[in-house]
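> Give me coordinates for this.
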Amino acid sequence: MITVRQLLQAKGSDVWSIGLEVSVYDALKLMADKEVGALLVLEGEKLVGIISERDYARKVILRGRSSMDTPTREVMTKDVITVGPEQTIQECMTMMTDRRCRHLPVLEGDRVIGVVSIGDVVKAVISHQEFLIEHLARYIEGG
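Predicted structure coming up:
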């Protein structure tokens, strides 16, 4: 099965992040600019949280708060679920399903080296299955 490291090598390891005091509005603007659904929240180089569009919807809009006046630290998810580069895509899929999350920061030691999204995982699984199907079809055909 494909590892997280292999997935990051194929898709790239761009990491979009913000600081604790950045407004939720600015976080949303960066998400829109980068076309991502979540940003890591870093204090220096240390991962301290993640903020997603879901956090915005549930913790800002539904509570009548202002995205311009609310700092990220007040609405971010603090208990971030992370993965290591040697974990498999299957393990990521299981974690995302069980924990109901769509983004997994990838840590090597304490250093952030990438982010895996549910979309990345689904694409990798489909690609792997297509490869297996093609391989089996060639085997059956005798080629």
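> going forward, measure contacts between C-alpha atoms and count neighbours the same way
OK.
> does residue 66 really touch residue 60, like I thought?
Yes - using C-alpha atoms under 8 Å, residue 66 is in contact with residue 60, at 6.7 Å.
> out of those two, which sits in the busier spot?
residue 60 (17 against 13; other C-alpha atoms under 10 Å).
> residues in contact with that one?
Shown in contact with residue 60 (C-alpha atoms under 8 Å, 6 or more residues apart in numbering): 66-67, 75.
> rerun that using 7 Å as the cut-off
Residues near residue 60 by C-alpha atoms under 7 Å, 6 or more residues apart in numbering: 66-67.
> what does residue 71 give?
Contacts of residue 71 (C-alpha under 7 Å, 6+ apart): 20-24.
> what's the pLDDT at it?
Residue 71 carries a pLDDT value of 97.
> if you skip the residues just before and after it, what's nearest to it?
Nearest-residue entry for residue 71: residue 23, 4.3 Å, with adjacent residues in sequence omitted and distances by C-alpha to C-alpha, 6 or more residues apart in numbering.
> what's the burial count for the one you found?
Based on other C-alpha under 10 Å, the number of other residues close to residue 23 is 20.
> Then residue 122?
Residues lying near residue 122 (other C-alpha under 10 Å) number 14.
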